[in-house]
Structure formats: C-alpha cells, structure tokens
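Trainee: Any chance you could fold what I've pasted below:
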Amino acid sequence: MMCLLKKKKIRCGSRMKGFSYIEIIFTVAILALLATAAVPYAELSVTRKKEVELKRNLRDIRTAIDAYKKAVDDGRITMLVDQSGYPHSLDELVIGVEDIKDPQKKKIYFLRRLPRDPMFPEQDELPALTWGKRSYDSDPEFPQEGADVFDVYSLSEQEGLNGVPYNQW
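Mentor: From the prediction side, this is the model:
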C-alpha cells in the first residue's frame, strides 16, 4: 500500500480513517435523546427512595410510641392519673425512661436515634422538629400538638407517587 503526501495530509489508499462531523453530530443527538429519557427516571427513583425512607421512619417511630404505651400499661413507667400514657416528646423515646419495676432502676430505651422526615426541606433542623405531632386529645382530621405524642406525620404537603399527600401517610 502506498501512501501519498498531499497538502500536508497523509493518505493511505483512497480513504482517511476517523469519523466525519455528520457521524459525530448524529451520535451526540442520540446520546442527548437517551439522557432526556434517563433524567425523569432518575428523579423518580430518588422520590421512591425518599418515600421508602419515610414509610420506614414513620413505622419505627409509631412502633416506639406503641412500645412506650405498652410499658406504661404494664406498669413499668410512672403515669399520673390525668396523663394518657403516651410520651411527652419524641426525644423521650431516645433519652429513655426509668423502669420502676427494675430493682436497679435501669432505663428503657425505645429508639437508638430519632429519624428525621426525609421530605422535610431543611436538613439542619433537629429530627424532632421535622415531624408533625398529634396528641391523644387531638382530632384525627385536624391533628394538633399537646401534652403528649400519640402519633407523628410528615409536615410535607407534597403528594406522593400513590396520589396521597405525605402528611396523610
């Protein structure tokens, strides 16, 4: 095969090796089309991940609140006559409460740490401030904070992928 030098380009045979501008533009257009299809999918997967985390956190806190109430009903935690038997705050689930039936007066802990609401916009807030709290005396349709914590809910008014607002989960 003989190579010829023409105008400072070396040509081997009759064709140069490499891609033309048209081929490169066509490839970039295909990649852009694929990227526009992948971005909504990536956003959807992030939302799903947050929703799974929200469900898990709600379940963990509600289970801890129920365990606290059961400990009160079993007589392991002191309760006054005018109290409902639910914790006074979410932090009480983490700090622990003295077990009055234990001779050594050890504490009962219901959560290792208080999870935060993944739908809450600010990441700097304390986890207890990211949740809406409903007291035992509060109406289920219009939850209000009170002397105890009967239930928790998300403060986000956004709608979930299932069509139900996060604050109604």
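Trainee: which strands and helices sit next to the longest helix anywhere in the chain?
Mentor: Assignment by DSSP state H gives helix 21-73 as the longest helix of the chain. Identification of packing neighbours for helix 21-73 by 3 or more Cβ pairs under 8 Å, 6 or more residues apart in numbering; DSSP states H and E yields helix 91-95, strand 151-154. Glycine gets a C-beta too; all of them are placed from N, C-alpha and C.
Trainee: Flag every buried residue along the last one.
Mentor: Read it as strand 151-154. 151-154 (16 or more other Cβ atoms under 10 Å).
Trainee: now do stretch 44-52
Mentor: Quick answer for stretch 44-52 (16+ other Cβ under 10 Å): 50-51.
Trainee: Could you do stretch 132-147 as well?
Mentor: Applying 16+ other Cβ under 10 Å to stretch 132-147 flags 132-135, 138, 143, 146 as buried.
Trainee: mind listing what Ser154 touches?
Mentor: Contacts for Ser154 (Cβ atoms under 8 Å, 6 or more residues apart in numbering) come out as 54, 58, 117, 119-120, 131-132, 166-167, 169.
Trainee: how about low-confidence regions in the chain?
Mentor: Residues of the chain that meet the criterion pLDDT under 70 lie in 1-16.
Trainee: Please identify the helix or strand for the most centrally placed residue in it.
Mentor: Nearest residue to the geometric centre of the chain (Cα atoms, centre = their mean): Pro118, 3.2 Å. Following DSSP states H and E, there is no helix or strand that holds Pro118.
Trainee: which residues touch it?
Mentor: Contacts of Pro118 by Cβ under 8 Å, 6+ apart are 50, 53-54, 57.
Trainee: about what we covered before: the buried residues of stretch 132-147 in strands, which ones?
Mentor: 132-134 (DSSP state E).
Trainee: CSV for those, including distance to Ile100?
Mentor: Formatted as CSV, these follow (distance: Cβ to Cβ, whole Å):
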residue, distance to Ile100
Gly132, 31
Lys133, 25
Arg134, 27
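Trainee: now, among the residues you listed, which is nearest to Lys69?
Mentor: The nearest member of those to Lys69, counting by Cβ to Cβ, is Arg134 at 13.9 Å.
Trainee: No further queries at this time; thank you.
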